[in-house]
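Trainee: only geometry, no sequence info:
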C-alpha cells in the first residue's frame, strides 16, 4: 500500500502559500499596472495612438514579467518583510 499524496501539501508537510492572498501584495501589483496605464494614456494623448499602443505592449510585457518575478520571490521568501 503506497502512502497517499495530498497535492495541497508540499514536501515539507506545509500547505503552499498563495502569494497573492494578502491585500498588500495585490495592491503593490495594482499600483504597478495603474502607473503603466497612466503612462500609456499620456503617451497616446501627447504623441499618438500608435505610440501609445507600442508603449502599452512594452509596459504590459514588463509588468507581467515583474509580476511573475514578484510571485516567485513571494513563494521563496514570503511577502512580509518580517518573514525574510
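Mentor: On my side now, so go ahead. All values derive from a computational prediction rather than experimental measurement.
Trainee: So which residues of the protein form strands?
Mentor: In order along the chain, the chain carries no strands (DSSP state E).
Trainee: Could you identify the longest helix within it?
Mentor: As far as residue count goes, and with DSSP state H defining each element, the longest helix of the chain is helix 49-77.
Trainee: just checking, what packs against it?
Mentor: Packed against helix 49-77 by the contact rule (3 or more C-beta pairs under 8 Å, 6 or more residues apart in numbering; DSSP states H and E) you find helix 23-46. Quick note: C-beta positions are derived from backbone N, CA and C, even for glycine.
Trainee: Can you verify my assumption that residue 44 contacts residue 53?
Mentor: Yes: taking C-beta atoms under 8 Å as the definition, residue 44 is a contact partner of residue 53 at 7.5 Å.
Trainee: out of the two, which sits in the more crowded spot?
Mentor: Per other C-beta atoms under 10 Å, whichever of residue 44 and residue 53 has more neighbours is residue 44, with 17 against 13.
Trainee: quick one: low-confidence parts of the chain?
Mentor: Residues of the chain that meet the criterion pLDDT under 70 lie in 1-21, 78-84.
Trainee: Please tell me how far residue 60 sits from residue 37.
Mentor: Computed with C-beta to C-beta, to the nearest Å, the distance linking residue 60 and residue 37 is 10 Å.
Trainee: Also residue 55?
Mentor: When residue 55 is compared with residue 37 (using C-beta to C-beta), they lie 11 Å apart.
Trainee: Those two: which has the busier surroundings?
Mentor: More crowded of residue 55 and residue 37, by other C-beta under 10 Å: residue 55, with 18 against 14.
Trainee: got the contact list for that one?
Mentor: Residue 55 makes contact with 39, 40, 43, 44 under the criterion C-beta atoms under 8 Å, 6 or more residues apart in numbering.
Trainee: what would these look like in TSV with distance to residue 65?
Mentor: Conversion of the contacts of residue 55 to TSV gives the following (distance: C-beta to C-beta, whole Å):
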residue	distance to residue 65
39	16
40	17
43	20
44	22
